[in-house]
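# Compute the structure for the input listed below.
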Amino acid sequence: LRMPVGRGVAGSIAASRAPLVVEDLSAVEVINPLLRRNARSLIGAPLIVEGRLIGVIHANSTQSRSFSEEDVRLLQLAADRVALAIEHARLYEVEQQARRQAEEANRMKDEFLALVSHELRSPLNAILGYAALLRYHGLDAQKVKHASDVIERSGKAQAQLIDDLLDTARIISGKLRLEV
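This next block holds a predicted model:
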C-alpha cells in the first residue's frame with residue numbers, strides 16, 4: 001500500500017527512517033483499514049538502500065504485545081535484506097530493459113544494413129552488367145550510348161546513396177556542418 005510520509009504508522013516510520021514499536025495501535029493514527037481492524041500491536045522498520053527510503057516493512061500482532069530490542073534488531077536486519085533484494089530486482093529489471101533496447105537497436109541496425117546493401121547492389125549490378133556488354137559484345141552506336149547512359153545514371157545513384165549514408169553518419173556523430 002502507498003501511505004503518505006508522516007501519516008499513519010508506516011508514514012511515521014518513513015518520516016523518521018527508524019524502527020518503530022507500537023504496543024497499542026488504538027492510541028495512534030492508523031490509515032490502513034485492515035491493520036486498524038485486525039492488529040493490536042506493531043513493529044516496523046524502514047527499507048533503505050544507499051540512503052534512499054524505498055518503503056517500510058512491519059509485523060503486527062492481533063493481541064497486545066511488547067516487542068523487545070532483539071525483535072527490533074531482527075526486523076531491521078530483515079528490512080535491510082528485503083530492501084537489498086528489492087533494489088537488486090529493480091537493477092535487474094533496469095538491466096533487462098537496457099538489454100532489450102540494445103537488442104532492438106541491433107536488430108534495427110541489421111535491417112538497415114540489409115536495406116542499404118540491397119540499395120547499393122542494385123545500381124552496381126546495372127553498372128557491371130552494362131560494362132560487360134560493352135566489353136564482350138559488338139554493339140551498335142545506339143546500344144553503346146544506352147549502355148553508357150545506364151552506367152552513368154547507376155553510378156550517380158550509387159554515389160548519391162553513399163553521400164546520403166555519409167551524411168547520416170555525420171548527423172548521428174554530431175559532425176554534420178551545413179553551409180547555407
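# Confidence-wise, which helix or strand of the chain is lowest on average?
helix 33-38 (a mean of 79; mean pLDDT, DSSP states H and E).
# Using the centroid of this structure, identify the residue furthest from it.
residue 140 (62.9 Å; CA atoms, centre = their mean).
# Please identify which helix or strand holds residue 2.
Element membership for residue 2, per DSSP states H and E: none, as it lies in no helix or strand.
# Could you report the neighbour count for it?
If you count neighbours by other CB atoms under 10 Å, residue 2 ends up with 6. C-beta coordinates here come from the backbone N, C-alpha and C atoms, glycine included.
# Please tell me how far it sits from residue 79.
18 Å (CB to CB, to the nearest Å).
# Residue 145 now?
85 Å.
# again, but for residue 174
Here the criterion is CB to CB. By it, residue 174 lies 47 Å from residue 79.
# Angles on the backbone of residue 68, please.
phi -90, psi 170 (degrees, to the nearest 10).
# and what of residue 24?
Dihedral angles (degrees, to the nearest 10) for residue 24: phi -130, psi 100.
# That one is in contact with residue 65, isn't it?
No: using CB atoms under 8 Å as the test, residue 24 is too far from residue 65 to be in contact (10.0 Å).
# the more surrounded of these two?
residue 65 (17 against 11).
# Ramachandran angles for the more buried one?
Dihedral angles for residue 65 - degrees, to the nearest 10 - are phi -150, psi 150.
# Contacts only, for residue 107.
If you count contacts by CB atoms under 8 Å, 6 or more residues apart in numbering, residue 107 has none.
# Which parts of this protein are helices?
For the chain, the helices defined by DSSP state H cover 8-16, 33-38, 69-136, 141-173.
# Please name the bridge partners of the residue lying closest to residue 65 once chain neighbours are set aside.
Counting by CB to CB, 6 or more residues apart in numbering, the nearest residue to residue 65 once its immediate chain neighbours are dropped is residue 41, at 4.2 Å. Applying DSSP bridges to residue 41 yields these beta-bridge partners: residue 61.
# Who are the contact partners of residue 41?
Residues in contact with residue 41, defined by CB under 8 Å, 6+ apart, are 22, 23, 24, 25, 60, 61, 63, 64, 65, 66, 67.
# could I get these as a markdown table with distance to residue 10 and pLDDT?
Below are those laid out as a markdown table (distance: CB to CB, whole Å; pLDDT from 0 to 100):
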| residue | distance to residue 10 | pLDDT |
| --- | --- | --- |
| 22 | 11 | 91 |
| 23 | 17 | 90 |
| 24 | 17 | 87 |
| 25 | 12 | 86 |
| 60 | 11 | 91 |
| 61 | 16 | 90 |
| 63 | 21 | 89 |
| 64 | 20 | 88 |
| 65 | 18 | 88 |
| 66 | 21 | 90 |
| 67 | 16 | 93 |
